[in-house]
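> Got a sequence here, can you build the structure:
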Amino acid sequence: MKTTIKDPKLSQDDQQLISKTQAKQQMQEIRQYAIKLTELKTEVIKKLPLNDKLIHALLESKNITNFNATKRHISFIAKLLSNYDAVEIINIIDSNNPNSKLSQQKIMWQNKWLEYLISQQRIATTKFIKEYPDIDAQQLNNLVRNAKANADGVISKTAETKLRKYLHKFFQKYPLNNPPL
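Numbering: from 1, shown residues only. Here you go, the predicted structure:
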């Protein structure tokens, strides 16, 4: 038996016919995303680019301990999530999961930027500032200059760590566009 899924973004002519089984599978996937979102830390949930009602529901899920109430609340969150694009939700979940491919790629790119900034000081900082104009250029230049190898070719580990933390904190707020090379 075929049924129609109502999508407010589509006109009546563009409504797609799918089976009830497919609709149930889609809803089950959305429920899995809802579960993964509820497992995120409170601080992370508060920073998510989602509407206030969904953020409140995710935060409220931390206080629910009864199994049946949790199931109902997950269904409610899934209903709210159904208004979002699946790709957007997957990206949110992946970006907050340190084991995901997206997070690992981000870390790899951050490390490439770090190496590039230390090895090619002037050129790299100029390129970085062009790529990310919101960064504090003066602080970046100071951190890179401090992390630069001294005359013996030894890189200060504390200065490198400070630069690494600064970049990590910066990329938490801003998306990582491209690797340096």
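> doesn't Leu50 fall inside a strand?
No. Counting by DSSP: H, G, I helix; E, B strand; the rest coil, Leu50 is not found in a strand; it is coil.
> quick one: it and Lys130, what's the gap?
Distance from Leu50 to Lys130, counting by Cβ to Cβ, to the nearest Å: 31 Å. In short, each C-beta sits where N, CA and C put it, glycine included.
> more crowded one of these two?
Leu50 (20 against 8; other Cβ atoms under 10 Å).
> What is the neighbour count of the residue nearest to Arg164 when sequence neighbours are not counted?
In space, and not counting its chain neighbours, Arg164 is closest to Leu114: 5.8 Å by Cβ to Cβ, 6 or more residues apart in numbering. Leu114: 20 surrounding residues under other Cβ under 10 Å.
> Okay, and Leu114 sits in which element?
Taking DSSP states H and E as the definition, one finds Leu114 inside helix 101-119.
> what does Ile18 give?
Take DSSP H and E as the rule and Ile18 turns out to sit in strand 17-19.
> What's the mean pLDDT across that strand?
Throughout strand 17-19, pLDDT has a mean value of 75.
> next structured bit after it?
Toward the C-terminal end, the helix or strand that comes next after strand 17-19 (DSSP H and E) is helix 20-38.
> for that next one, packing partners?
Contact analysis of helix 20-38 by 3 or more Cβ pairs under 8 Å, 6 or more residues apart in numbering; DSSP states H and E lists helix 67-81, helix 86-95 as its packing neighbours.
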